[in-house]
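[1] Here's my sequence, what's the structure:
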Amino acid sequence: MTSKLSQVLAAARAEERAALIGYLPAGFPSVEGGIKAVNALLEGGCDVVEVGLPHSDPVLDGPTIQTADDIALRGGVRITDVLRTVREVAAAHPVAAVLVMTYWNPVDRYGTARFAADLAAAGGAGVILPDLPVEESAEWRKAAAEHGLDTVFVVAPSSQDKRLAEVTAAGSGFVYAAAVMGVTGSRAQVGELAEDLVARTRATTELPVCVGLGVSTGAQAAQVAGFADGVIVGSAFVQRILDAGEDEPAALAAVRALAAELAQGVRSR
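    Modelled structure (predicted):
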């Protein structure tokens with residue numbers, strides 16, 4: 001049976017375009033506000049959303065997402081709030097795929113089988129686990145498969161071809177190709193780095209390869225959509241909410257507008 005995530009990505013491919021994947025942490029700027037914000041991503045044109053599970057030491061995230069995680073944690077966000085966010089968003093947007101992006105430690109503490117069961121019951125489509133080594137993932141992948149959840153692993157430009165093959169063989173849904181946009185690097189250089197990673201990853205798998213690299217404009221989304229199956233955007237959405245301060249209508253409008261700009265970008269390549 002084809003998974004929900006695979007169906008959504010296939011629908012984008014049938015339109016001859018890359019999918020747009022948006023990320024926001026649960027509980028940011030509040031649990032209620034976070035649910036509205038994730039809904040705004042989909043209203044603006046995202047195909048897939050990643051609901052972040054805030055972590056006290058988000059070592060793989062930049063300062064923008066760290067700030068959002070800190071706000072959510074100080075607000076008292078819990079895993080039950082993450083699952084509630086997934087449940088309400090999935091119910092409001094049955095055509096979309098709703099994922100959770102999380103570090104492994106919270107899942108391990110919650111209980112592997114319990115987390116998989118509760119996420120599936122909430123309508124979640126899968127999990128992105130950036131810090132779980134493939135070699136240690138068998139227990140999670142078994143639980144996920146039992147509940148129809150996809151497991152998305154992350155590859156980087158530093159990954160050797162042998163390692164890419166190991167990672168892509170274990171994952172499902174799509175492969176998250178992380179090519180971080182450095183502050184001093186030009187866009188052309190970043191594009192070349194990411195494009196090479198996508199080509200090398202595709203040589204090992206038939207899974208879609210989606211790229212997250214600091215995209216913040218429609219033009220950048222169009223550039224990445226030219227060589228990837230999906231464009232992943234997170235920090236730019238978080239920044240829009242931070243910029244709006246306590247003005248919730250302005251924050252939601254800004255998120256919706258950026259999603260619309262990016263959605264137009266992936267369709268205009």
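
[2] drop to CA atoms for contacts and neighbour counts, all remaining ones
    OK.

[3] Going along the chain, name the strands of the chain.
    Assigned by DSSP state E, the strands in the chain fall at 19-25, 48-52, 97-101, 126-128, 150-152, 154-155, 175-178, 209-212, 230-233.

[4] Just send those back as JSON lines, with mean neighbour count and distance to G245 too.
    JSON lines is the format used below for the strands of the chain (neighbours: other C-alpha atoms under 10 Å; distance: least, C-alpha to C-alpha, whole Å):
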{"stretch": "strand 19-25", "mean neighbour count": "28", "distance to G245": "16"}
{"stretch": "strand 48-52", "mean neighbour count": "26", "distance to G245": "20"}
{"stretch": "strand 97-101", "mean neighbour count": "26", "distance to G245": "24"}
{"stretch": "strand 126-128", "mean neighbour count": "26", "distance to G245": "29"}
{"stretch": "strand 150-152", "mean neighbour count": "23", "distance to G245": "33"}
{"stretch": "strand 154-155", "mean neighbour count": "23", "distance to G245": "32"}
{"stretch": "strand 175-178", "mean neighbour count": "25", "distance to G245": "29"}
{"stretch": "strand 209-212", "mean neighbour count": "25", "distance to G245": "26"}
{"stretch": "strand 230-233", "mean neighbour count": "29", "distance to G245": "20"}
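
[5] out of these, which comes closest to M1?
    Taking C-alpha to C-alpha, strand 150-152 is the member of the strands of the chain nearest to M1, at 12.1 Å.

[6] Which of the strands of the chain sits closest to D70?
    Closest to D70 of those, according to C-alpha to C-alpha: strand 19-25, at 10.3 Å.

[7] what about that closest one, average pLDDT?
    For strand 19-25, the mean pLDDT works out to 98.

[8] residues in contact with it?
    For strand 19-25, the external contacting residues (C-alpha atoms under 8 Å, 6 or more residues apart in numbering) are 9, 12-13, 34, 37-38, 41, 45-54, 65, 68-69, 72, 229-235, 237-238, 259, 262-263, 266.

[9] Those residues in helices, which ones?
    Members of these lying in helices (criterion: DSSP state H): 9, 12-13, 34, 37-38, 41, 65, 68-69, 72, 235, 237-238, 259, 262-263, 266.

[10] Which among those count as buried?
    Buried members of those, scored by 16 or more other C-alpha atoms under 10 Å, are 9, 12, 34, 37-38, 41, 65, 68-69, 72, 235, 237-238, 259, 262-263, 266.

[11] in stretch 168-176, what's buried?
    By neighbour count on 16+ other C-alpha under 10 Å, the buried set for stretch 168-176 is 168, 171-176.

[12] Can you tell me which of those is nearest R141?
    The closest of these to R141 turns out to be G171 (C-alpha to C-alpha; 8.5 Å).

[13] what about this protein, any weak spots by pLDDT?
    Where the chain drops to pLDDT under 70, the residues are 180-191, 269.

[14] residues in contact with the residue nearest to A170 when sequence neighbours are not counted?
    Closest residue in space to A170, ignoring its immediate chain neighbours: V134 at 6.8 Å, by C-alpha to C-alpha, 6 or more residues apart in numbering. When contacts are counted by C-alpha under 8 Å, 6+ apart, V134 touches 153, 166-167, 170.

[15] And V134, how close does it get to G45?
    V134 is 32 Å from G45, where distance means C-alpha to C-alpha, to the nearest Å.
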